[in-house]
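J.: Build me a model from this:
(one chain, ligands or ions: 1)
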Amino acid sequence: MCGIFAVSGEETKAGEMVLRGLKKLEYRGYDSWGVAVRTETSGSIDIAKEVGKISSVKRTFSASSESMGHTRWATHGGVTKSNAHPHKVGRVTIVHNGIFENYEAWKKKLVGTHHGASVKFKSETDTEVIAGMMSEQITRLRDNEITSKKISEIIRKVCAEIQGRFAILVMVEGVPGIFAARRGSPLIIGRGEKETFIASDIPAFLERTNVVNYLDDDELVYISGGKAEFSNLRTGERVKKRNVTVKWRVEEAEKGEFPHFMIKEIFEQKDTIARAINHEDKMLVKAAKLLHSANGAYFVACGTAHKVAMAAEYFFSEVAGRKINVVPASEMPSFEKFVNKKTVIIAVSQSGETADVLEILERGKKRGAKILALTNVESSSIARMANVHLPIHAGPEKAVASTKAATAQMALLFLLAFADSNQINFGRFVLRSTAASINDLLNPRYEDRIRRVAKRIIKHDNLFIIGRGSLYPMALESAIKIQEVSYIHAQGFAAGELKHGPIALIEKGTPCLVLGDDQETVSNATELKARGAFIIGVSPTKQSVFDEWLRVPDCNGAQAIATIIPVQILAYHLAVLRGLDPDMPRNLAKSVTVK
Ligand code: G6P
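T.: Now for the predicted structure:
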């Protein structure tokens, strides 16, 4: 969702630096952007903002050593220049990620009470109301009372009134430095030698430093030059933070020789699947023990991670004889009455920040449930809430469409199913050979072959996918991949459900992806073909019913992991052939931090 980036240091080109950093956060998804700089000469805070993409923006700002910026994904108010952040009221400039749920009541209160004069709100956003609340407090002070200490106090007071999750950054005219506070939305502090950064994700400042402090919920930080002071957002007490050196390398967060992040990340699966299972046995045993202790377990996840969880439901059933319920996080409220202190909630989330998942975990914790989490970001909110956290080690995933994180999650969950039945070594053996055959598969010739198949179906507006067993969730995931980047209407079905409705949609030439080559699925493919469908098989063996065949290795029970890879490549090429940017699909965001 929104991206936030700020710097305070010795630089005199802080505005340009913030613009560069925001470009690195583009992958989070956004519709407008804005930058505020504290001008060196007058000390005033100047704002530039626009609707549209930031990638091609080239501009200069007034000389400044302090700046903050924002990429907005609209929630309150349309995509307009006036709704873009930063927002300024009086001396206060602010950028914000999250939702201020009770902003309307505060907006009403503020109009007419702003030190005798009404606040004229210029936008429809909840964010501007926060700036108004702070500004209203500042106007009650004499000039010599306006200090960084006082501003921290005001931020604490205002944040106490906000219902909902947020991350905010505040600059105040006349007070050097930048303030930031969080409750539920990520903020990371980058510690350079002479400069300090605040960002919603590490790639924004990775070229300058890999030493970070993670701001926790209900914490406030005040940065100025090379200094950062942390305090508790509720009590004001000082908080000591640990410097953490992150292992991400700059190249991992860059496209390198690849035209897009999506295809780079698809090819990284040569390594990431093997990396995902590189866990000490004792961590897997600990996670398995948690499952053993449970009386009722639920996977909660969203989007692709939810389809991964559905595949894992099959892994656990087949390998460990355990039934785990799978519920999209947004639907879990209907089942919360079954959650108690014997329940284990298994959260699967690439970002570890998805709001719907976080909310279920918070409420589950209150009911005494234990949490097992798989995420790609060890410092994420979900990881930190978990009783047991298993990182998937996929490295930064920047394309909106999740690829390498999904297969890494599946590999780790597959291994966990084996750990659950005391067969870690055998699970590792199966996954290592799966990783090795995927390594052999992923080469330019294979990609070329899939590009040719994409060309054959590019003109079609509808596409259907079928699969059985753990390939059924992969049929659903295939549909997501194709929809989100190529905008082709794609739908996945359980192969056996075909005759109960979907087959009515098949016309002459309708492309259908058939995942798997088991006898029943092949006969479903034959039924499709009899109605005129164009069949693309994705399987270890070639079948005569296939018009096109995308080979995948035979991976035993881990077939779901291998099968999704050619579909990811197909989705990518469908998008590119349609002239679309697969990394930044319309209306979507990488990390969905609002409900
Ligand atoms: C968004 C992303 C998807 C992702 C989903 C869940 O919709 O576009 O790629 O699967 O959120 O995100 P998470 O970070 O929790 O895995």
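J.: Please list the residues of the stretch 401-550 of the chain that sit near the ligand.
T.: The stretch 401-550 of the chain comes close to the ligand at residues 401-402, as judged by C-beta under 6 Å from any ligand atom. To be clear about C-beta, it is placed using only N, CA and C from the backbone, and glycine gets the same treatment.
J.: any low-confidence regions in the stretch 401-550 of the chain?
T.: For the stretch 401-550 of the chain, no stretch has pLDDT under 70.
J.: so what are the domain limits for this structure?
T.: Annotated domains of the chain cover 3-251, 261-577 [automatic domain parsing].
J.: which stretch in those domains has the least confidence?
T.: Mean pLDDT is lowest for domain 3-251 among the domains of the chain, at a mean of 89.
J.: and that domain, how far from the chain's centre?
T.: 21 Å (C-alpha atoms, centre = their mean, to the nearest Å).
J.: residues touching the spatially closest residue to Ser433 that is not a sequence neighbour, list them.
T.: Leaving aside its chain neighbours, Ser433 sits nearest to Cys555 (7.4 Å; criterion: C-beta to C-beta, 6 or more residues apart in numbering). Residues near Cys555 by C-beta atoms under 8 Å, 6 or more residues apart in numbering: 430, 433-434, 437, 561-562.
J.: Could you do Lys366 as well?
T.: Lys366 touches nothing, counting by C-beta under 8 Å, 6+ apart.
J.: For it, grab phi and psi.
T.: phi -60, psi -30 (degrees, to the nearest 10).
J.: Any idea how many residues pack against Ala435?
T.: Neighbours of Ala435 under the rule other C-beta atoms under 10 Å: 24.
J.: which SS class is it?
T.: Three-state secondary structure (criterion: DSSP: H, G, I helix; E, B strand; the rest coil) places Ala435 in helix.
J.: how far away is it from Arg238?
T.: 47 Å (C-beta to C-beta, to the nearest Å).
J.: picking that back up, any chance of the domains of the chain in JSON lines, plus distance to Arg586?
T.: Conversion of the domains of the chain to JSON lines gives the following (distance: least, C-beta to C-beta, whole Å):
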{"stretch": "domain 3-251", "distance to Arg586": "9"}
{"stretch": "domain 261-577", "distance to Arg586": "8"}
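J.: Indicate which one of the ones you listed is closest to Asn587.
T.: Nearest to Asn587 among these is domain 3-251; the distance by C-beta to C-beta comes to 8.2 Å.
J.: Next, see if that closest one gets close to the ligand.
T.: No. Using C-beta under 6 Å from any ligand atom, domain 3-251 stays clear of the ligand, coming no nearer than 7.6 Å.
J.: Counting by contacts, list what the strand ranked longest in the chain packs against.
T.: Longest strand in the chain by number of residues, with DSSP state E as the criterion: strand 175-183. If contacts are counted by 3 or more C-beta pairs under 8 Å, 6 or more residues apart in numbering; DSSP states H and E, strand 175-183 sits against strand 3-8, strand 66-72, helix 148-161, strand 166-172, strand 219-224.
J.: So what are the sheet partners of it and their directions?
T.: As defined by DSSP bridges, the strand partners of strand 175-183 come to strand 166-172 (antiparallel), strand 219-224 (antiparallel).
J.: Next, format the ones you listed as a markdown table and append mean neighbour count.
T.: Below are the strands paired with strand 175-183 laid out as a markdown table (neighbours: other C-beta atoms under 10 Å):
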| stretch | mean neighbour count |
| --- | --- |
| strand 166-172 | 26 |
| strand 219-224 | 22 |
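J.: what about the strands in the stretch 451-595 of the chain?
T.: 462-467, 489-494, 511-515, 534-539, 548-551 (DSSP state E, counting those that start in this stretch).
J.: meant to ask about the stretch 101-250 of the chain, not that
T.: Counting by DSSP E, counting those that start in this stretch, the strands of the stretch 101-250 of the chain are 166-172, 175-183, 188-191, 196-199, 211-214, 219-224, 227-232, 238-239, 244-245.
J.: ok, residues contacting the third one?
T.: To tie it back to what came earlier, the one meant is strand 188-191. Applying C-beta under 8 Å, 6+ apart, the external contacts of strand 188-191 come out as 180, 196-202, 204-205, 208-209, 211-215, 221, 223, 226, 228, 241, 243, 379.
J.: ok, 6 Å please
T.: 197-199, 202, 205, 209, 211-214, 221, 228 (C-beta atoms under 6 Å, 6 or more residues apart in numbering).
J.: Could you identify which of the residues you listed has the most neighbours?
T.: Neighbour counts for those peak at Ala199, which has 29 neighbours (criterion: other C-beta under 10 Å).
J.: The residue nearest to that residue when sequence neighbours are not counted: neighbouring residues, count only.
T.: The shortest distance from Ala199 to any non-neighbouring residue, by C-beta to C-beta, 6+ apart, is to Phe5 (4.7 Å). Number of residues near Phe5 (other C-beta under 10 Å) recorded here: 30.
J.: What of Asn295?
T.: 9.
J.: Shouldn't it be within a helix?
T.: No. Asn295: not assigned to a helix; according to three-state DSSP it is coil.
J.: That one - nearest residue in space that isn't next to it in sequence?
T.: Lys342 (3.9 Å).
J.: Surely that neighbour is in a strand?
T.: No. Using three-state DSSP, the assignment for Lys342 is coil, not a strand.
J.: Could you report the neighbour count for it?
T.: 13.
J.: which residues in the stretch 351-500 of the chain form helices?
T.: 355-366, 381-385, 404-420, 424-441, 444-457, 471-486 (DSSP state H, counting those that start in this stretch).
J.: Reformat the ones you listed into CSV and put distance to Ala305 next to each item.
T.: What follows is the helices of the stretch 351-500 of the chain, written out as CSV (distance: least, C-beta to C-beta, whole Å):
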stretch, distance to Ala305
helix 355-366, 8
helix 381-385, 11
helix 404-420, 7
helix 424-441, 19
helix 444-457, 24
helix 471-486, 10
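J.: still on that earlier bit, quick one: the strands of the stretch 451-595 of the chain as JSON lines, columns for distance to Glu353 and mean neighbour count too.
T.: Converted to JSON lines, those look like this (distance: least, C-beta to C-beta, whole Å; neighbours: other C-beta atoms under 10 Å):
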{"stretch": "strand 462-467", "distance to Glu353": "29", "mean neighbour count": "24"}
{"stretch": "strand 489-494", "distance to Glu353": "26", "mean neighbour count": "20"}
{"stretch": "strand 511-515", "distance to Glu353": "31", "mean neighbour count": "28"}
{"stretch": "strand 534-539", "distance to Glu353": "32", "mean neighbour count": "24"}
{"stretch": "strand 548-551", "distance to Glu353": "34", "mean neighbour count": "19"}
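J.: Not counting sequence-adjacent ones, nearest residue to the residue of the stretch 401-550 of the chain found nearest the ligand?
T.: Closest approach of the stretch 401-550 of the chain to the ligand (C-beta to the nearest ligand atom) occurs at Ser402, with a separation of 3.8 Å. Using C-beta to C-beta, 6+ apart and skipping residues adjacent in sequence, the residue nearest Ser402 is Thr304, 4.2 Å away.
J.: Repeat that for His306.
T.: In space, His306 is closest to Pro328, 5.1 Å off (C-beta to C-beta, 6+ apart).
J.: pretty sure that neighbour contacts Ala305?
T.: No. With contacts counted by C-beta atoms under 6 Å, Pro328 stays clear of Ala305, the gap being 9.7 Å.
J.: Find the closest residue to the ligand in the stretch 151-300 of the chain.
T.: Closest point on the stretch 151-300 of the chain to the ligand, by C-beta to the nearest ligand atom, is Val300, at 9.8 Å.
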